[in-house]
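Undergrad: The amino acid sequence is not available; the structure is as follows:
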């Protein structure tokens, strides 16, 4: 632990009780930012190191002392990944699965959340409690029977085995219900009813436009977690030619583990697209993920 | 999905109607929640019940299952490898969660005082959480590699001899813990930060008037008022930490591994869920695997209840 911890102290810096002099204060500010930026640099370091290894030849990496700067062999290493295994199909599969799951989750979760947040129907509270309870059931309890179900359905090795079970989830319903409660005013709902609007029109014309930021967060969250998912794809994708990126990476490592340059080029390709997607929505995403936890 | 029947929002009809009538009128709401419940019944509840049944059976996936009563659970209770995996999991949990919580608190406290570039800083701290666990585990395998790894090169440079990160149980547990700490410290710091920012600034003003310094303020005001957030983060970290799988699975299944999913050197990286996976899917022991899953569930449940009780009890006197 001490290795990771060293740049950041565990307790805030102790300071003198009386109001510090301007010079003292500036130094304290400087110290604060120095520590914060060192920590931030540490966050990015593994990604930087991924690039360093992915852009050097494997023999350069095995040299002592190790090379600390990116080299010029990135394209060559990426080329090797595509030569050794079929890396295009995993990229396409992962993108397809992540987009499909994200779209379905946004649709089904927002519909259910809208019903739970804005309508009073018999059994609503009991059903919502049921949603919360499903949240608590861990994956490994259901994974063996789910595998057997997939065998019976003939879905083993197929992408729908990843998409269909993930098409709606308790977290999204819970989160969006809170969001809709605070973002969609009853007056607008009533106005829509007076206009002769039904459930679906209220959902499309009143609810959806008002919860777009919330959908943005849930969409990004779902996309990222689906992209990075490993346990279930590893279990169900039994055909080595039809896999997702994370499974492909693990296979690449198991088969060509010594060729670090090539493997890290693969890992880089699995990480960077997601990083770019994340950075687009990061500002709002971070605000929302914290909001969900504080409520 | 074209639902056009007129349904009314809560509160419009306050008159007493028959329950049945309301239920009929609210049919679009039931349709709206149906997809989730259909999926949950088929891929959540049904498999969970099925796995309880399976845990009383012996089955390798072929032929027909054999009813064995409590045999699987008796075996589980005396399975040394299972208990080793329980121990490994708790060791990894302890050496990752405790430093992670302290680090996250320190980062959050610093971010709370930072005005400039605060958004950029928060994004930077969050980035490790969105990196793929598989990619990072492979990378950490290289960084903590024993003869050419960056970490040992660094240790040698400051005069410390090579440490066997990947070929000793403790080394593996440390490497897995550092990986978990890397991915989750920033995430937890962001949650703590939001908790800190929801504390009323008047409380801080009052403390300032009373002459409390920043350290005193942090320990007497910020920490106690942050307790609900601390409990939330602790519970979530417990649930995810005790069920860690990917970090250990990838780190221990490198090219030199002849026996994947076995937990690496001295089985030091064998976590509870990895052992479950190994029994269920490397050895096709569906019945025994199901009983391991239920064993893990019970252990996590008991541990969560204990930490919940402990933290809530500690909370009472202040209320």
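TA: That came through, no problem. Keep in mind the model is a prediction, meaning the values are calculated, not measured.

Undergrad: can you pull the contacts of residue 245?
TA: Here I'm looking at chain A. A:90, A:91, A:93, A:94, A:227, A:269, A:270, B:132 (C-beta atoms under 8 Å, 6 or more residues apart in numbering or on different chains). Where C-beta positions appear, they are placed from N, C-alpha and C, glycine not excepted.

Undergrad: right idea, wrong chain: chain B
TA: A:230, A:231, B:271, B:273, B:274, B:277.

Undergrad: Any regions of chain A where pLDDT drops low?
TA: For chain A, the stretches flagged by pLDDT under 70 are A:1-20, A:64-65, A:292-295.

Undergrad: Output the longest helix belonging to it.
TA: Criterion DSSP state H: the longest helix present in chain A is helix A:260-294.

Undergrad: Look up phi and psi at residue B:67.
TA: Dihedral pair for residue B:67: phi -80, psi 120, per degrees, to the nearest 10.

Undergrad: Can you say which two of the contacts of residue A:245 are spatially most distant?
TA: The distance between the two most remote of these (C-beta to C-beta) is 14.9 Å, for A:93 and B:132.

Undergrad: ok, those two, which is more surrounded?
TA: Neighbour count, other C-beta atoms under 10 Å in any protein chain shown: between residue A:93 and residue B:132, residue B:132 has more, with 24 against 20.

Undergrad: Excluding chain neighbours, what is closest to the more buried one?
TA: Spatial nearest neighbour of residue B:132, excluding adjacent residues (C-beta to C-beta, 6 or more residues apart in numbering or on different chains): residue A:228 at 4.6 Å.

Undergrad: Residue A:196 in helix, strand or coil?
TA: The three-state assignment at residue A:196 reads coil, by DSSP: H, G, I helix; E, B strand; the rest coil.

Undergrad: Tell me where chain B has strands.
TA: Ranges of strands within chain B are B:57-58, B:66-67, based on DSSP state E.

Undergrad: now the first one: mean pLDDT?
TA: Spelled out, that is strand B:57-58. Averaging pLDDT along strand B:57-58 gives 94.

Undergrad: which outside residues touch that strand?
TA: Counting by C-beta under 8 Å, 6+ apart, B:65, B:66, B:67, B:68, B:71, B:72, B:286, B:287, B:288 sit against strand B:57-58.

Undergrad: Which single one of the residues you listed is nearest to residue A:148?
TA: Distance to residue A:148, by C-beta to C-beta, is smallest for residue B:286 among the contacts of strand B:57-58, at 7.5 Å.

Undergrad: Distance-wise, check the residue nearest to residue A:197 when sequence neighbours are not counted relative to residue A:108.
TA: Leaving aside its chain neighbours, residue A:197 sits nearest to residue A:205 (6.9 Å; criterion: C-beta to C-beta, 6+ apart). Distance, residue A:205 to residue A:108, by C-beta to C-beta, to the nearest Å: 19 Å.

Undergrad: more neighbours, the two?
TA: More crowded of residue A:205 and residue A:108, by other C-beta under 10 Å: residue A:108, with 22 against 14.

Undergrad: got the contact list for the more buried one?
TA: Residue A:108 neighbours (C-beta under 8 Å, 6+ apart): A:167, A:168, B:35, B:36, B:39.

Undergrad: Quick check: it vs residue A:274, distance?
TA: As judged by C-beta to C-beta, residue A:108 and residue A:274 stand 23 Å apart.

Undergrad: Same question for residue A:30.
TA: Residue A:30 is 34 Å from residue A:274, by C-beta to C-beta.

Undergrad: Have a look at the two and say which one is more surrounded.
TA: Comparing residue A:30 with residue A:274 by other C-beta under 10 Å, the one with more neighbours is residue A:274, at 20 against 10.

Undergrad: Neighbours of the residue nearest to residue B:59 when sequence neighbours are not counted, how many?
TA: Nearest non-adjacent residue to residue B:59, counting by C-beta to C-beta, 6+ apart: residue B:65, 3.8 Å away. Using other C-beta under 10 Å, residue B:65 is surrounded by 15 other residues.

Undergrad: Surely residue B:65 and residue B:287 touch.
TA: Yes. In this structure residue B:65 lies within contact range of residue B:287 using C-beta atoms under 8 Å: 6.8 Å.

Undergrad: any shared contact partners between these two?
TA: Here residue B:65 and residue B:287 have B:54, B:57, B:58, B:59 as joint contacts, going by C-beta under 8 Å, 6+ apart.

Undergrad: Using TSV, lay out these together with distance to residue A:215 and neighbour count.
TA: As requested, the shared contacts of residue B:65 and residue B:287 are exported to TSV (distance: C-beta to C-beta, whole Å; neighbours: other C-beta atoms under 10 Å in any protein chain shown):
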residue	distance to residue A:215	neighbour count
B:54	38	25
B:57	43	19
B:58	47	15
B:59	43	21
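
Undergrad: got the contact list for residue B:69?
TA: Residue B:69 makes contact with residue B:56, according to C-beta under 8 Å, 6+ apart.

Undergrad: which residues of chain B score low on pLDDT?
TA: B:1-18, B:255-258, B:313-319.

Undergrad: residue closest to the middle of it?
TA: With distances taken as C-alpha atoms, centre = their mean, residue B:240 lies nearest the centre of chain B, 1.1 Å away.

Undergrad: Report the contact partners of that residue.
TA: Residues counted as contacts of residue B:240 (C-beta under 8 Å, 6+ apart): none.

Undergrad: what do you get if the cut-off is 10 Å, keeping everything else the same?
TA: A:138, B:93, B:97, B:180, B:184, B:300 (C-beta atoms under 10 Å, 6 or more residues apart in numbering or on different chains).

Undergrad: burial of the third one, as a residue count?
TA: Using other C-beta under 10 Å, residue B:97 has 22 neighbouring residues.

Undergrad: repeat for the fourth one
TA: Around residue B:180 there are 23 other residues, counting by other C-beta under 10 Å.

Undergrad: Name the nearest residue to it, ignoring sequence neighbours.
TA: Computed as C-beta to C-beta, 6+ apart, the closest residue to residue B:180 that is not its neighbour in sequence is residue B:96, at 4.3 Å.

Undergrad: for residue A:208, phi and psi?
TA: Here is the backbone geometry of residue A:208 (degrees, to the nearest 10): phi -50, psi -50.

Undergrad: what about it, distance to residue B:206?
TA: Distance, residue A:208 to residue B:206, using C-beta to C-beta: 44 Å.
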